[in-house]
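K.L.:
3D model of this:
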Amino acid sequence: MSYVPFSLRYRPQTFGEIVGQEHVSRTLQNAVASGRVVHGYLFAGPRGTGKTSTARVLAKALLCEHGPTPEPCGECSICRAIAAGRALDVIEIDAASNRGIEQIRELREKVRYSPAEARYKVYILDEVHMLTPEAFNALLKTLEEPPSHTFFVLATTELHKVPPTIVSRCQLFEFHLIPEPRIVESLRAIAEREGVEVEEGALEELARAARGALRDAESIFDQVVAYAEGRVTVETVRDVIGATPRESVAGLMQAMADGDLAAVLARLDDLVAAGKDLSQLVQDLMLATREMLRASLGVHPEGEWRELHKTGAALGSAKVAEALRLLGEAEKRLREATQQQLAVELALAEITQMWAEPSAQERALALARAGAERSTKPSQPGQTSERAGRRQAEPKRLAPTAEAETTRSRKRPAQSAETEEPGAEKTPATDRSVSEHPPAEETVGAETALPTSEARSPQASEALAEAAAGDFTRSWQAVYVALKRRRRVAVWAMLRESRPEALIEDQLVVRFPAGCKFHHERVNGDYRSDVEQALAEVFGRPVKLVALLGDEKTPTAPAPSGPAGKRPAAPEPQQPVLTPDEETPARAAELPAERRTAGLEPAVPEPRVAEREAVGEDEADRAARLALDFFEGSEEIPPE
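P.N.:
Sure thing, here's the model as predicted:
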């Protein structure tokens, strides 16, 4: 007699022997006991989970000489014939090889005939998803209204390929993967009945290799018993299934966690030289990585890869999950790769590099710790004096000038003539502002204490020397940084449209394009003090701003006069400032004498609002005004 393998010898013969599918066996038992058996069943699930075996047990329950009964006897001639696969009224059809419409037409003809020896006929169509669409259509009517003596059991591993018209005519039972402990229990029972000595852990290795399919586990166990010729050990099982030794997998994972790519590639070369299957190696790495992920999350801390739990916790769940994704992609590429080792090397190198680099969360935590240490660390005496020196050298905010105060006064509602007292003497706005606020030069000298040439920093001296030579690359960038430090975004938004031309004595000449009239006005008006503060900080001495528009002439340095070696104090550089005082000739006559005798060309009076609207405003100016209104509402600067 030929040898009967474990998968057939220990095939379930009753509902109670079906492993891991209690939801199916219990429902069918109750249906048989209550007489509620339908004429069409559809069993769907992974391979090796008991679909065909359950169909045979159902046939025995229906055809048993003592039935229909939920517990077939297994002793009658019908039960023995079904178990042996020679029952005339239980017809098993492989739909993968009988998939055409002709075979289904033949089946429809045979269904009409009465059973040969039993009370019913049972048709079992395995891999039913392989039928053609025409064959499915031919089966519809028979499946929906079969003869009263006929039952259909359809089995498939790919339920999504079965047409909904077929599924709706059957009762669907979905079979699940069998848990590993249940597989180990079944294999241990087989080992006891066969008298095979098994080492602790060998059956667990078999159950993991089966991946939820009991039939696969029984087949592998049969192969291992034949290979071992005696006691079955863990190494024997690994040799048969081609699994990588646990120590090798753990060492490879630890080398990747340490960032040692050379060690990773060397270990991979050793495994390839030992004849290990790369697909199986990637699967083993995925199992180990999965265990690390669960350990890092605290879901299953007592797994089989306990030596890697600390490594997974140190790496963090994000990095371990990313490594699991990369290994999954490598497994897919192996199916089509001509150089499988190269595909695995690339995946392992990418994981090693990713694990060696700090994650975004780690970088954020490091920055937070560094900031906390700086805030809590006591300052050294030298550092305190250095900060004090920087604060002393840093210019303070200038007091508003007369022009700025006058410009702001335009925004307030004018006081009506009726509210003024009769005979009250009207004071010009310029005189009031000058009397209320000291000149800007006096404020700077009193409050900011700008450094002298001896106390000027090396950076300021270099910037001054470069600017005198006509190179404003670094100094102009330093002006931007100074304005940004003071949170004066709107000032830089206006000033950036200009370009520095020359540094003449204590005057920095910048020029705006002819189309940037609005920017020129703002810089010459409200923003002049902010710009000059920044210039004083950059150059280490007071520097006046001369802002020109379009083709206005550049002012020249005043000629030296008086005693040899001495130069008279240069008058305040006058800019073509468009202030409310210059709107009319009468108001311009009230300006101070030094303003009227300056060596610059007279400024063009600013047109009133109505005149400006009549002339028409440039689109760029209009956009700039809207942007300025927005910026002036918030001086927050986004972090770099």
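K.L.:
The closest residue to Ala460 other than its chain neighbours: neighbour count?
P.N.:
Distances taken as Cβ to Cβ, 6 or more residues apart in numbering place Gly540 nearest to Ala460, at 3.1 Å, with adjacent residues excluded. Using the backbone N, CA and C atoms, a C-beta is placed for each residue, glycine as well. Using other Cβ atoms under 10 Å, Gly540 is surrounded by 22 other residues.
K.L.:
could you measure Gly540 against Ile104, distance?
P.N.:
Gly540 is 98 Å from Ile104, where distance means Cβ to Cβ, to the nearest Å.
K.L.:
What of Glu200?
P.N.:
Distance, Glu200 to Ile104, by Cβ to Cβ: 52 Å.
K.L.:
And the two? Which one has more around it.
P.N.:
Neighbours were counted for Glu200 and for Ile104 using other Cβ under 10 Å; Ile104 has more, 23 against 8.
K.L.:
In this structure that one contacts Leu139, no?
P.N.:
Yes: applying Cβ atoms under 8 Å as the test, Ile104 and Leu139 come out as touching, 5.3 Å apart.
K.L.:
where do the contact lists of those two overlap?
P.N.:
Taking Cβ atoms under 8 Å, 6 or more residues apart in numbering as the contact criterion, the common neighbours of Ile104 and Leu139 are Leu131.
K.L.:
so where do the strands sit in the chain?
P.N.:
Here the chain has its strands, by DSSP state E, at 40-44, 90-94, 121-126, 150-156, 171-174, 499-504, 507-512, 544-549.
K.L.:
Give me the below-cutoff pLDDT ranges for the stretch 401-550 of the chain.
P.N.:
The stretch 401-550 of the chain contains residues with pLDDT under 70 at 401-456.
K.L.:
Would you map the helices across it?
P.N.:
Listed in chain order, the helices found in the stretch 401-550 of the chain under DSSP state H, counting those that start in this stretch are 402-409, 429-436, 440-443, 458-468, 473-485, 489-495, 517-524, 528-539.
K.L.:
Columns mean neighbour count on top of those, output as TSV?
P.N.:
Output for these, formatted as TSV (neighbours: other Cβ atoms under 10 Å):
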stretch	mean neighbour count
helix 402-409	18
helix 429-436	15
helix 440-443	16
helix 458-468	16
helix 473-485	17
helix 489-495	22
helix 517-524	23
helix 528-539	24
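K.L.:
Out of the ones you listed, which is closest to Leu42?
P.N.:
When those are compared for distance to Leu42 using Cβ to Cβ, the nearest one is helix 489-495, at 69.4 Å.
K.L.:
The closest one packs against which elements?
P.N.:
Applying 3 or more Cβ pairs under 8 Å, 6 or more residues apart in numbering; DSSP states H and E, we find helix 489-495 packed against helix 473-485, helix 517-524, helix 528-539, helix 619-631.
K.L.:
Of all the ones you listed, which one is nearest Tyr113?
P.N.:
helix 619-631 (88.9 Å).
K.L.:
per-residue confidence averaged over the closest one?
P.N.:
Summarised as a single mean, pLDDT over helix 619-631 is 53.
K.L.:
Also stretch 20-35?
P.N.:
Per-residue pLDDT over stretch 20-35 has a mean of 92.
K.L.:
Val249 and Gln21, how far apart?
P.N.:
According to Cβ to Cβ, Val249 stands 32 Å off from Gln21.
K.L.:
what about these two, which has more around it?
P.N.:
More crowded of Val249 and Gln21, by other Cβ under 10 Å: Gln21, with 25 against 21.
K.L.:
For Gly74, give me its contacts.
P.N.:
Counting by Cβ under 8 Å, 6+ apart, Gly74 has contacts 13-14, 60, 80, 83.
K.L.:
Quick one: buried ones out of those?
P.N.:
The neighbour count (16 or more other Cβ atoms under 10 Å) marks 13-14, 60, 83 as buried among the contacts of Gly74.
K.L.:
From the residues you listed, pick the one nearest Leu187.
P.N.:
Closest to Leu187, out of all of the buried ones among the contacts of Gly74 and judged by Cβ to Cβ, is Gln13, at 18.1 Å.
K.L.:
doesn't Ala59 make contact with the closest one?
P.N.:
No: Gln13 is beyond contact range of Ala59, at 11.6 Å (criterion: Cβ under 8 Å).
K.L.:
quick one: the helices in the stretch 201-350 of the chain?
P.N.:
Secondary structure of the stretch 201-350 of the chain, counting by DSSP H, counting those that start in this stretch: helices at 202-210, 214-228, 234-241, 246-257, 261-273, 278-297, 309-315, 317-334, 340-356.
K.L.:
Disregarding residues adjacent in the polypeptide, which is nearest to Ile351?
P.N.:
Counting by Cβ to Cβ, 6+ apart, the residue nearest Ile351 is Ala323, at 4.6 Å.
K.L.:
Could you pull up the residues touching that neighbour?
P.N.:
Contacts for Ala323 (Cβ under 8 Å, 6+ apart) come out as 256, 289, 351, 354-355.
K.L.:
which among these gets closest to Asp530?
P.N.:
Nearest to Asp530 out of the contacts of Ala323 is Met354 (Cβ to Cβ; 47.5 Å).
K.L.:
can you pull the pLDDT of the closest one?
P.N.:
Reported pLDDT for Met354: 88.
K.L.:
Burial check on it, number of neighbours?
P.N.:
Met354 is surrounded by 16 other residues when neighbours are defined as other Cβ under 10 Å.
K.L.:
check contacts around Leu154.
P.N.:
By Cβ under 8 Å, 6+ apart, Leu154 lies in contact with 40-43, 125, 128, 162, 166, 170.
K.L.:
could you redo the last one with a cut-off of 7 Å?
P.N.:
By Cβ atoms under 7 Å, 6 or more residues apart in numbering, Leu154 lies in contact with 41-42, 125, 128, 170.
K.L.:
Identify the residue nearest Leu265 in space, chain neighbours excluded?
P.N.:
Glu345 (6.3 Å).
K.L.:
err, Val264, not the other one
P.N.:
Leaving aside its sequence neighbours, Val264 sits nearest to Ala255 (Cβ to Cβ, 6+ apart; 4.7 Å).
K.L.:
same thing with Thr236?
P.N.:
Thr236 sits nearest to Ala228 (Cβ to Cβ, 6+ apart), 4.8 Å away.
K.L.:
Ok, Thr473 next?
P.N.:
Sequence neighbours aside, Glu466 is the residue nearest to Thr473 in space, at 7.5 Å (criterion: Cβ to Cβ, 6+ apart).
K.L.:
doesn't Ala478 make contact with the one you found?
P.N.:
No: between Glu466 and Ala478 there is no contact under Cβ atoms under 7 Å: 10.5 Å.
K.L.:
Point out where this protein drops to low pLDDT.
P.N.:
Counting by pLDDT under 70, the chain has low-confidence residues at 1, 300-305, 359-368, 371-456, 556-640.
K.L.:
and it, what are its domains?
P.N.:
Structurally, the chain divides into domains by automatic domain parsing as follows: 6-174, 180-241, 246-361, 457-555+572-631.
K.L.:
Okay then, goodbye and thanks.
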